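Trainee: Need coordinates for the below:
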Amino acid sequence: MSVSFSALKIELQTDPKALGYAPLITVANWIGVAALLNQPGASRETLPRLAVPSAAALCYLDERDMANFTVSQLAFIQAIAASGTLLLKDPLSLTTPPADSVMFTRLKALFPGTTPTGANILALDAYPCSRAESLFGEGVQVTADQCRSAWGG
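Mentor: You can find the predicted model right below:
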């Protein structure tokens, strides 16, 4: 998705997430404005995560939760490690798990949300995004020139 200059102008004029554009715009610090828009987590918004490398998912495991695992449960964790990627959401609907997300579903079942690992695994469903990504799509960053142009400078 590309940057919409009209949407960017409205964002800069209204600052709905109170990121603090006004002082930077006043001194024409367009690099600073772009940096605010591109900073992940600054607006406290998230985007759904479609997939995660299985090795990254396993980093969220807390060894205290694994202390009483059976051999078959540990074998399942090894299968996850070998799988490469865990699909979290259907790329078309962004809400329902894809048909081949059985491993992620079973991983969540192994660790209830009340355990440290369970809370970590549930957090994999979304990631803190930048305001630019929230407005214009995953991976989008705005430039200082785009901010200046949208503002009308």
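
Trainee: quick one, domains of this protein?
Mentor: For the chain, automatic domain parsing gives the domain ranges 5-45+129-151, 46-128.

Trainee: Please list all residues in contact with Arg131.
Mentor: Neighbour list for Arg131: 11, 17, 19, 36-39, 42-43, 45 [criterion: C-beta atoms under 8 Å, 6 or more residues apart in numbering]. (Glycine included, C-beta is placed from N, CA and C.)

Trainee: I'd like those written out as TSV, with secondary structure, pLDDT and neighbour count added.
Mentor: As requested, the contacts of Arg131 are exported to TSV (DSSP: H, G, I helix; E, B strand; the rest coil; pLDDT from 0 to 100; neighbours: other C-beta atoms under 10 Å):
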residue	secondary structure	pLDDT	neighbour count
Glu11	helix	97	24
Lys17	coil	97	16
Leu19	coil	97	17
Leu36	helix	98	22
Leu37	helix	98	29
Asn38	helix	97	16
Gln39	coil	97	14
Ala42	coil	95	17
Ser43	coil	94	21
Glu45	coil	92	16
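
Trainee: Closest one of these to Thr85?
Mentor: Comparing those against Thr85 with C-beta to C-beta places Glu45 closest, at 24.6 Å.

Trainee: Isn't the closest one up against Ala132?
Mentor: No - in this structure Glu45 lies outside contact range of Ala132 using C-beta atoms under 8 Å: 10.5 Å.

Trainee: For Leu124, see how far away Leu50 is.
Mentor: To Leu124, Leu50 is 11 Å away according to C-beta to C-beta, to the nearest Å.
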